[in-house]
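Colleague: Quick one, what's the 3D model for this:
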Amino acid sequence: MAMLPSRTIRSVVISLLALSFVLPSSADARRRRSRKGTLAIESMTDGAKVYVDGKMIGKTPFAKPIRIDPGTHKLKATKFGYSTMEMEFTIKSRRQSDMIVDLIPHSGLVKFTCNIESAEVYVDNKLMGHSPLVKTVPLGDHEIMIIKEGYNDFAAQLNVKAGEKHFVEGVLTPFNYSPEVLAIKKKEEDRAKKLAAAELEQPEPGQLSPTGPSEVEPVPAWYNGLHKQWWVWTIVGAVVTAAVAIPVAATSGGGQPVLNDHDSPIDPDRLP
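Modeller: As a prediction, this is how the structure comes out:
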């Protein structure tokens, strides 16, 4: 009997050892696959991204059920312009779980542009920003206004659909002022320029005016204007009345007897 070369024997041994590891692992994999359950997803919302335990498993609609390990899992479904759905579900071994994934629409994406930059953009009389502008707008009909001073207003109607992109391009044309309005506008501009020039010519505090020191007006005397006050004439009247009454009282008192001016003393012997 011929002996096999040692190299051949070594190769056979290595192959047998490899098979001893591969076969059990393959059996375990088949066993795990046989234990999995399935998740069947139904949805009226097309294009929603579905995540299971944080891993994306696809977009709605799903053509067939998804195989998932048994146990409790977390599901999340999202789509732009729609509400986000989050929930937990349980998968049982070798059984199918059914789930309905429907998202509620609420808004769309609108891009506003204009031939004039920094024009004001209004949606339903509410200022949204300045052009160019990209905004999320609730679904439904809306009144769009794009305006800027000196230009005619741009108005449009927009029907926003959930999850869709919309474009509004405003065109503003220069506003033609009447001659009367132009004259008033020019007058206001000239007045503003004169006020600005006057403010520039005013000296800073503590500095002399460029035209020289200004004359300081004298402080009026304290008695200026007193003759116009009613209470001044009341006091003057009282003083004049007192001045007249005192001399009269002095002259009328001359006929009164003085202390030593009296008749001679009465003799007691003459009394009856």
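
Colleague: In which helix or strand does residue 63 reside?
Modeller: For residue 63, there is no host helix or strand (DSSP states H and E).

Colleague: Could you measure from the closest residue to residue 95 other than its chain neighbours over to residue 100?
Modeller: Spatial nearest neighbour of residue 95, excluding adjacent residues (Cβ to Cβ, 6 or more residues apart in numbering): residue 37 at 5.0 Å. Glycine gets a C-beta too; all of them are placed from N, C-alpha and C. Separation of residue 37 from residue 100 (Cβ to Cβ, to the nearest Å): 18 Å.

Colleague: neighbour count winner among these two?
Modeller: Using other Cβ atoms under 10 Å, the more surrounded residue of residue 37 and residue 100 is residue 37, with 19 against 10.

Colleague: give the contact list for the more buried one.
Modeller: 67, 68, 69, 70, 91, 92, 93, 94, 95, 96, 97 (Cβ atoms under 8 Å, 6 or more residues apart in numbering).

Colleague: Just send the residues you listed back as TSV, with secondary structure, pLDDT and neighbour count too.
Modeller: Below are the contacts of residue 37 laid out as TSV (DSSP: H, G, I helix; E, B strand; the rest coil; pLDDT from 0 to 100; neighbours: other Cβ atoms under 10 Å):
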residue	secondary structure	pLDDT	neighbour count
67	strand	94	12
68	strand	94	17
69	coil	94	13
70	coil	94	14
91	strand	94	20
92	coil	93	12
93	coil	92	11
94	coil	91	10
95	coil	92	11
96	strand	93	12
97	strand	93	17
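
Colleague: what's the most distant pair in the residues you listed?
Modeller: 69 and 96 (13.9 Å; Cβ to Cβ).

Colleague: re earlier: and the contacts of residue 37 as CSV, adding distance to residue 46?
Modeller: Listed next are those as CSV, based on distance: Cβ to Cβ, whole Å:
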residue, distance to residue 46
67, 23
68, 22
69, 28
70, 30
91, 25
92, 29
93, 32
94, 30
95, 28
96, 23
97, 22
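
Colleague: Of those, which is the nearest to residue 117?
Modeller: For the contacts of residue 37, the nearest to residue 117 is residue 68 (52.9 Å; Cβ to Cβ).

Colleague: List the contacts of stretch 146-162.
Modeller: 81-82, 105-108, 110, 112, 114, 116, 118-122, 131, 137-145, 166, 168, 170-175.

Colleague: Now list the buried members of those residues.
Modeller: Listed as buried from the contacts of stretch 146-162 are 81-82, 105, 107-108, 110, 112, 114, 116, 119-122, 131, 137, 139, 142, 144-145, 168, 170, 172; burial here means 16 or more other Cβ atoms under 10 Å.

Colleague: measure stretch 65-75 end to end?
Modeller: 14 Å (Cα to Cα, to the nearest Å).

Colleague: Ignore what I typed, I meant stretch 82-95.
Modeller: Note: stretch 82-95 ends 31 Å apart using Cα to Cα.

Colleague: Next: stretch 167-176.
Modeller: Terminal-residue distance, stretch 167-176 (Cα to Cα): 28 Å.

Colleague: Now name the helix or strand holding the residue lying closest to residue 44 once chain neighbours are set aside.
Modeller: Distances taken as Cβ to Cβ, 6+ apart place residue 102 nearest to residue 44, at 5.1 Å, with adjacent residues excluded. Using DSSP H and E, residue 102 sits within no helix or strand.

Colleague: mind listing what residue 102 touches?
Modeller: Neighbour list for residue 102: 43, 44, 45, 85 [criterion: Cβ under 8 Å, 6+ apart].

Colleague: out of these, what pair is the most spread apart?
Modeller: 44 and 85 (12.2 Å).

Colleague: The two: which is more packed in?
Modeller: The neighbour count for residue 44 versus residue 85, taken as other Cβ under 10 Å, is higher for residue 85 (20 against 11).

Colleague: residues touching the more buried one, list them.
Modeller: When contacts are counted by Cβ under 8 Å, 6+ apart, residue 85 touches 75, 76, 77, 78, 101, 102, 103.

Colleague: Count the residues that sit near residue 50.
Modeller: 23.
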